[in-house]
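kindly return the folded structure for what I paste below:
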Amino acid sequence: MLAVRLRRALSAGLSLAVAVPMLSACFSEPSPHEAVSQFLVGWQSGDYAAAAERVDGDPKAVRKALEDAGVQLDAASIRFALRSLTTNGDSADARFHVQIDLGDNNPIWQYDNDLPLHVVDGRWKVRWSPSVIHPQLREGQRFAVKVAPEGDQPIRQPIEDRNGDPLQQDTTLYLAGVYPDRVKDPVGVCERLFQLTGFAQDRLLARIRSAPPQDFVPLVTFGAKKYAQLLDRLEEIGPDLKIEKQSQPVAPAQPVDIIGKVGAITAETMQQLGGPQRAGGDTIGQGGLQKAYQDQLTGSTGTEVMTYDLKTGEQVAELARWPGRTNTTSVRTTIDKGVQQSADLSVGGGPAALLVAVDAPSGQIRAVASKEFDQQTDGLAGRFPPGTTFSIVAADGLLGAGLDPDQKLPCPADRTVGGARFQQTEARPQPQQPTPTPTPTPTAISTAPPAGTTPSVTADFAQGCVTALASLSRRIDAGALNRAAARFGIGGDWRLPLRSFTGSMPAAATDAAKAKIIAGQTVRVSPLSMALVAAALGSGTWRPPTLVTSPSSPDAAADTSSDPAPATPPRPVTLDPATLTELRALMRAGVVSGTAAAASAPGDKVYGLASAVTYTEKKRERHLSWFVGWQGDLAVAVLTESADPAASARVAGQFFRSARTAA
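Presented below is the predicted three-dimensional model:
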């Protein structure tokens, strides 16, 4: 419905240029060719007076009939092609083909007709009757074009969760319009609506004049807030303007940013779309899945060309019909309402927070919840340094290279690796009390190990000891590090119907570069990409994410900033069983004895790592806390605006407990 055809301004000029050479050969009376040419070219170009000169009827009535036909059809252009011309004495018949562009994304109406001619006072004249315009048009009749949704389908289909429950609520839209046979001053109504809304006055008027006389013609659609603001001014327009209410599923439930808001088409929207657009009853997705799946959710309108009796206003005949595209299925997502509710509750208190939950066995996104973050821009497509939670990805390569988790590995307060300095800093409960950052690269914040002891590699991972983890860069080459990241989909080719970020990792040519990657300082990830890392560890297989199961992808994503799903999604990657067992042990240690302890209550079997990272973004120091882990089949990544590494673990713990209770 919203694929605008930019042709109204161009077609009239082009059609005449094509038709004139064909019809304007050098013929003279008494041949009928000149009469046919002058009549059809005059009609096509809008020179109705010239056309009427070659007709045997009242020129004034002919001019009005031809003009009214164009108005009643709201024709962007009319073009003719002469098929044949036969003469029999003083009579002749011209067979011609008609193409009428009904404009505003409506079809091209085509039909064949006959043009009867006879000689009057030595000149060939067209035998005038309304059937010259169309073979089924009679005296006392008019054309009308009806554009409406096909059948009884709802104007907009819902977006649903994985169980088929709607992820939006019905809301009331207000359609301002007229009944053509009752409106006394259509020009005045359209002028006032133009002043209020900016919709082109001539287009509104054309909608009225071309519509069936007894049908309600919606001209402008308002949401509840806009309608309340303009109610007094709409009432001033008078009784000609009618308001009808329409209920549509357009008020999004959580996750609001993922589902997307829906608005009525405005004059500005039509300008952005690049051409004229029928406003009545139309809605447009303004973000999220509502925007990406606009065409599927709205289908397309059907169009009918009919004749009506001018006296009774009753329909006489249907001349042409183009069925619209009906919607038989909704957009089905992988969101689970119960899981989403648990996620919403978990991020509701405390600092700004973001949580992405994924079903570990399938990679399906179950929830995206946020407080002061954007669920799509930050949750799916955000680019954040993950701190030492990224060390679990590096650990896959390190363990494969022979690293012993029980090996003793000191966690000093300060260490230099390949010329890059790393500092282990105590956790800070308040971001307003920053610890000076010795380098411009992000600094991991974590709880230091007990004094006087030498921790194991497992303890270093659990505690997020950045100095110990950075020193492991000498134990792995760049190729192994890259392969480990690829196994977890970091920087891969997985995509969603909405814009998303798979992660990025710089080249690791030196020990310092590798150390910064292991510490998660130079890596950039989205919370979704890290939730998929946790899901891979929980299930044993990394899988690309899924957000929508039906339809598989939008026919043409309306959001030009989005990345449409690839034709062939990346294959799942099964992790090495021996390495997987050791990785899970590291993740479990993060909860049992590490900075992620707040994610688990006594008796819970939660796996995860937590860390904090400080970095500079747009000349502003920013403190983030991460938790990456899973319980059962639910894998999560949590991000909070905090310098406390346990802040995100607490959010994750609340989520796991709430989700378990709800299940």
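
low-confidence stretches in this protein?
Counting by pLDDT under 70, the chain has low-confidence residues at 1-29, 104-105, 149-155, 264-282, 327-328, 426-452, 553-568, 663.

could you chop it up by domain?
Described in terms of automatic domain parsing, the domain architecture of the chain consists of the residue ranges 8-139, 159-332, 337-662.

helix or strand next in line after the strand or helix carrying Trp630, which one?
Taking DSSP states H and E as the criterion, Trp630 maps to strand 620-631. Remark: after strand 620-631, the chain's next helix or strand is strand 634-640, criterion DSSP H and E.

packing partners for that next one?
When contacts are defined as 3 or more CB pairs under 8 Å, 6 or more residues apart in numbering; DSSP states H and E, strand 634-640 packs onto strand 353-359, helix 527-539, strand 620-631, helix 646-662. Glycine gets a C-beta too; all of them are placed from N, C-alpha and C.

the ones you listed: which one's closest to Leu117?
Ranking the helices and strands packed on strand 634-640 by proximity to Leu117 (CB to CB) places helix 527-539 first, at 72.1 Å.

pretty sure Ala470 sits in a helix.
Yes. Counting by DSSP: H, G, I helix; E, B strand; the rest coil, Ala470 falls inside a helix.

give me the distance between Leu157 and Pro249.
Slight slip there: residue 157 is Gln, not Leu. Computed as CB to CB, to the nearest Å, the Gln157 to Pro249 distance reads 8 Å.

just Ala643 next, same as before
42 Å.

among the two, which residue is more densely surrounded?
A count of neighbours by other CB atoms under 10 Å puts Ala643 above the other of Ala643 and Pro249, at 25 against 22.

how about the secondary structure of that one?
The three-state assignment at Ala643 reads coil, by three-state DSSP.

surely it and Arg622 touch.
No. Taking CB atoms under 8 Å as the definition, Ala643 is not a contact partner of Arg622, at 9.8 Å.

so what sits against both of these two?
Here Ala643 and Arg622 share the contacting residues Thr614, scored by CB atoms under 8 Å, 6 or more residues apart in numbering.

which one of the domains of the chain lies nearest to Ala148?
The stretch from those with the least distance to Ala148 (CB to CB) is domain 159-332; that distance is 5.9 Å.

quick check: end-to-end length of that closest one?
Using CA to CA, to the nearest Å, the end-to-end distance of domain 159-332 comes to 6 Å.

roughly how far out does that domain sit from the chain middle?
Using CA atoms, centre = their mean, to the nearest Å, we find the averaged C-alpha position of domain 159-332 to lie 19 Å away from the chain's own average C-alpha position.

what sits closest to Arg474 if chain neighbours are left out?
By the measure of CB to CB, 6 or more residues apart in numbering, the closest residue to Arg474 outside its immediate chain neighbours is Asp511, 5.7 Å from it.

how far away is the one you found from Pro107?
Distance, Asp511 to Pro107, using CB to CB: 67 Å.

got it, and Ala512?
Separation of Ala512 from Pro107 (CB to CB): 65 Å.

neighbour count winner among the two?
Each of Ala512 and Pro107 has its neighbours counted (other CB under 10 Å); Ala512 has more, 20 against 15.

looking at it, the more buried one is touching Phe422, isn't it?
No. Between Ala512 and Phe422 there is no contact, the gap being 9.7 Å when judged by CB under 8 Å.

show me where the stretch 301-450 of the chain has helices.
Taking DSSP state H, counting those that start in this stretch, the helices of the stretch 301-450 of the chain run over residues 337-346, 391-400.

deepest of those, which one?
For those, average neighbour numbers computed from mean count of other CB atoms under 10 Å are highest in helix 391-400, which has a mean of 25.

any idea which element Arg233 lies in?
helix 224-236.

can you list the strands that the following helix or strand past that helix pairs with?
Toward the C-terminal end, the helix or strand that comes next after helix 224-236 (DSSP H and E) is strand 242-252. Strand pairing for strand 242-252, using DSSP bridges, gives strand 168-178 (antiparallel).

who touches the partner strand?
Taking CB under 8 Å, 6+ apart as the criterion, the residues outside strand 168-178 that touch it are 158-159, 186, 189, 193, 208, 216-224, 227, 234, 240-253, 259, 262, 264, 280-281, 283.

please convert the buried members of these into ChimeraX selection syntax.
Buried residues within these, as defined by 16 or more other CB atoms under 10 Å, are selected in ChimeraX through the command that follows:
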select :158,159,186,189,193,208,217,218,219,220,221,222,223,227,234,241,242,246,248,249,250,251,252,253,259,262,264,280,281,283
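
between the helices and strands packed on strand 634-640, which one is closest to His33.
Within these, the stretch nearest His33 is helix 527-539; the backing value is 70.5 Å (CB to CB).

quick check: angle from the closest one to strand 620-631?
Compare the direction of helix 527-539 with that of strand 620-631 by axes from the mean of the first three to the mean of the last three CA atoms, to 10 degrees and you get 30 degrees.

just give the strands next to the helix or strand just after helix 527-539 in its sheet, each with its orientation.
Next along the chain after helix 527-539, taking DSSP H and E as the criterion, comes strand 541-542. Sheet pairing of strand 541-542 (DSSP bridges) gives strand 573-574 (antiparallel).

give me the contacts around the partner strand.
Taking CB under 8 Å, 6+ apart as the criterion, the residues outside strand 573-574 that touch it are Arg487, Phe488, Gly489, Ala536, Gly540, Thr541, Trp542.
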